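> Here is a sequence with its predicted model. Questions after.
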Amino acid sequence: MKSIKTLITLFLLFVCTVLSANKLFYIVDLKKEIGSTTWLYVKNGLLEAHNQKADAVIIHMNTYGGSVQFADSIRTAILNDSLPVYCFVDNNAASAGALIAIACDSIYMRSGSNIGAATVVDQTGKQMPDKYQSYMRSTIRSTAESHGADTVYVNGKKELRWRRNPRIAEAMVDSRIVIPGLIDSTKVLTFTTEEAITNGYCEGKAENIRQIIDEQLKEKDYEIKRYKPTWFDEVKGFLMNPAFQAVLITLIIGGIYFELQSPGMGFPSIVAAVAGVLYFAPLYIDGLAANWEIIVFFIGVILLIVEIFAIPGFGIFGILGIILMVGSLILSLVDNVLFTFDNVNEREWAKALMTVLIGFIASGGLLFYIANRIGHKGLFRKLALNATQETDKGYVSTDMSLKEHVGEIGKAYTDLRPSGKIEINGNLYDSIAIYGFIERGKSVVVRRQESAQLYVEEINNQD
């Protein structure tokens, strides 16, 4: 009986040993332009690799680059991950792709592949000013330095021998950097596979991932799994694109504004609500936007409504409402827990501030344009009806007596934001402010009459 138990124990130990010998390599594809979507791929892929108890991650790369800010986020995630992360360059690791590849523990390249050309350019391919290049030089240099160096003695002198030479990494960004025997001062550095191996920027050549594992990593018993993005990753990545977030902010502010100007319309509030959901939902799911940040935004909206409808002028409630709205939109873009910003760097703050600022500037410009074009003949010219409306068929013309008031001086009977009422000789008239808002009690001059309304300017604005 005792011998049977011993055999069973040995068998179980043998099974556990065999199972533990099978290593798991988790593959994450990076084969498109680097942006918010690819950042989600890599972030979720690294998380899933840990959940699957993988032994290593391999980034399968073929990209011409993309957004530096998202490349920096991917780079940081790779450098801080506890698992070994390898990169297989399957043709191209250009620009921002080079930065990500250099962050990996080892780089393997297919024959005929290239890595480098990391100069920062704009959407047209034009090189950005030096302040952008300086930041990229620093980022790619520190990434190369993160792999460490060995201290060696050459002719009795102590020298550092970097695993990835930081000067070479900088030469991938700045054409002014000269490395004797490698690059002159007129070209940005790009390596072929053989050149990358020679200069320490590639650990070996391989034609596929299995060849990397078999021949470079010398593993025999292993399993390969690949991260498969869902349709939600695609949608979420699009919604979290800073440019689209700025558009959503424009729609939120614009929708709120027009609904307050014409209560009961419905459509502007629907636009603002949908834009708000699309803005906050992916951030909430991703853990960036907390419940209190969303609540703060709606408190800001309520304060702004109270200021407009319940309190004359524009005072503390309106200012506080705007501050709460802007603060909520910014804080929802950065990773904080009740104002603890330990994990938020300057670049993330800059990105959040720029996204919200662009959205507010765009909404302000749009609102100013629309407010000054409402009722203008040229705005809806293409929508005008060409049919003749004759009086003998029951049509009644606009009261043309309003034209008599053009040039007259009156007083704002209500706030004009931009629509409201003015008083002329004891009579009230529907009016629209041509420029900005006009507070109640201000003197105004009538500039024109259209669509049964007077268009006025504040006298203080006149030359």
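Nice, thanks for sending it over. Residues are numbered from 1 along each chain as shown.
> switch to C-alpha atoms for all contacts and neighbour counts from now on
Noted.
> Low-confidence ranges, the stretch 101-250 of the chain, go.
122-125, 232, 234, 236-238 (pLDDT under 70).
> residue ranges of the helices in it, please?
Per DSSP state H, counting those that start in this stretch, the stretch 101-250 of the chain has helices spanning 130-145, 166-171, 193-198, 209-211, 231-239, 242-261. These are given in chain order.
> Which one of the ones you listed lies nearest to E223?
Ranking those by proximity to E223 (Cα to Cα) places helix 209-211 first, at 10.0 Å.
> Columns distance to K411 and mean neighbour count on top of the helices of the stretch 101-250 of the chain, output as CSV?
CSV is the format used below for those (distance: least, Cα to Cα, whole Å; neighbours: other Cα atoms under 10 Å):
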stretch, distance to K411, mean neighbour count
helix 130-145, 52, 18
helix 166-171, 66, 24
helix 193-198, 76, 18
helix 209-211, 78, 16
helix 231-239, 46, 16
helix 242-261, 20, 21
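> I'd like the ones you listed as TSV, with distance to A452 appended.
Compiled in TSV, these are given as follows (distance: least, Cα to Cα, whole Å):
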stretch	distance to A452
helix 130-145	54
helix 166-171	67
helix 193-198	74
helix 209-211	74
helix 231-239	43
helix 242-261	18
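> right, and these - which one's nearest V301?
Per Cα to Cα, nearest to V301 of the helices of the stretch 101-250 of the chain: helix 242-261, 8.2 Å.
> What would whatever helix or strand comes next after the closest one look like as PDB? C-alpha coordinates only.
Next helix or strand after helix 242-261 toward the C-terminus (DSSP states H and E): helix 267-285. This file holds the C-alpha atoms of helix 267-285, laid out as PDB (Å, rounded to 0.1, in the frame of the first residue of the first chain):
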ATOM      1  CA  PHE A 267     -31.900  68.900 -29.700                       C
ATOM      2  CA  PRO A 268     -28.900  70.800 -28.300                       C
ATOM      3  CA  SER A 269     -29.400  69.100 -24.900                       C
ATOM      4  CA  ILE A 270     -29.500  65.700 -26.700                       C
ATOM      5  CA  VAL A 271     -26.200  66.500 -28.500                       C
ATOM      6  CA  ALA A 272     -24.600  67.700 -25.300                       C
ATOM      7  CA  ALA A 273     -25.800  64.600 -23.400                       C
ATOM      8  CA  VAL A 274     -24.600  62.100 -26.100                       C
ATOM      9  CA  ALA A 275     -21.200  63.900 -26.300                       C
ATOM     10  CA  GLY A 276     -20.900  63.800 -22.600                       C
ATOM     11  CA  VAL A 277     -21.500  60.100 -22.500                       C
ATOM     12  CA  LEU A 278     -19.000  59.400 -25.300                       C
ATOM     13  CA  TYR A 279     -16.500  61.600 -23.500                       C
ATOM     14  CA  PHE A 280     -16.800  60.200 -19.900                       C
ATOM     15  CA  ALA A 281     -17.800  56.500 -20.600                       C
ATOM     16  CA  PRO A 282     -14.500  55.200 -22.000                       C
ATOM     17  CA  LEU A 283     -12.500  57.200 -19.400                       C
ATOM     18  CA  TYR A 284     -14.800  55.700 -16.600                       C
ATOM     19  CA  ILE A 285     -14.400  52.200 -17.900                       C
END
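> for helix 267-285, packing partners?
Applying 3 or more Cα pairs under 8 Å, 6 or more residues apart in numbering; DSSP states H and E, one finds that helix 267-285 contacts helix 231-239, helix 242-261.
> Output the helix or strand that it is followed by as CSV, restricted to C-alpha atoms.
Note on helix 267-285: by DSSP H and E, the next helix or strand toward the C-terminus is helix 291-309. Extracted C-alpha coordinates of helix 291-309, given in CSV (Å, rounded to 0.1, in the frame of the first residue of the first chain):
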residue,chain,number,x,y,z
ASN,A,291,-17.7,59.0,-10.1
TRP,A,292,-16.9,62.3,-8.2
GLU,A,293,-15.3,63.8,-11.3
ILE,A,294,-18.5,63.2,-13.4
ILE,A,295,-20.6,64.6,-10.5
VAL,A,296,-18.5,67.7,-10.3
PHE,A,297,-19.1,68.3,-14.0
PHE,A,298,-22.9,68.2,-13.6
ILE,A,299,-22.7,70.5,-10.5
GLY,A,300,-20.8,73.0,-12.7
VAL,A,301,-23.6,72.8,-15.3
ILE,A,302,-26.2,73.4,-12.6
LEU,A,303,-24.4,76.4,-11.2
LEU,A,304,-24.1,77.9,-14.7
ILE,A,305,-27.9,77.4,-15.2
VAL,A,306,-28.6,79.1,-11.8
GLU,A,307,-26.3,82.0,-12.8
ILE,A,308,-28.1,82.5,-16.1
PHE,A,309,-31.7,82.2,-15.1
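> Please state the offset of helix 291-309 from the chain centre?
24 Å (Cα atoms, centre = their mean, to the nearest Å).
> Which of the three states applies to the closest residue to E223 other than its chain neighbours?
Using Cα to Cα, 6 or more residues apart in numbering and skipping residues adjacent in sequence, the residue nearest E223 is L24, 4.8 Å away. State at L24, reduced to three classes by DSSP: H, G, I helix; E, B strand; the rest coil: strand.
> what sits against V173?
Shown in contact with V173 (Cα atoms under 8 Å, 6 or more residues apart in numbering): G116, A117, A118, T119, V120, Q133, M136, R137, V188, L189.
> Could you list the low-confidence segments of the stretch 351-463 of the chain?
364, 366-401, 451, 461-463.
> ok so, going back, pLDDT value on the residue nearest to E223, please?
Predicted confidence (pLDDT) for L24: 94.
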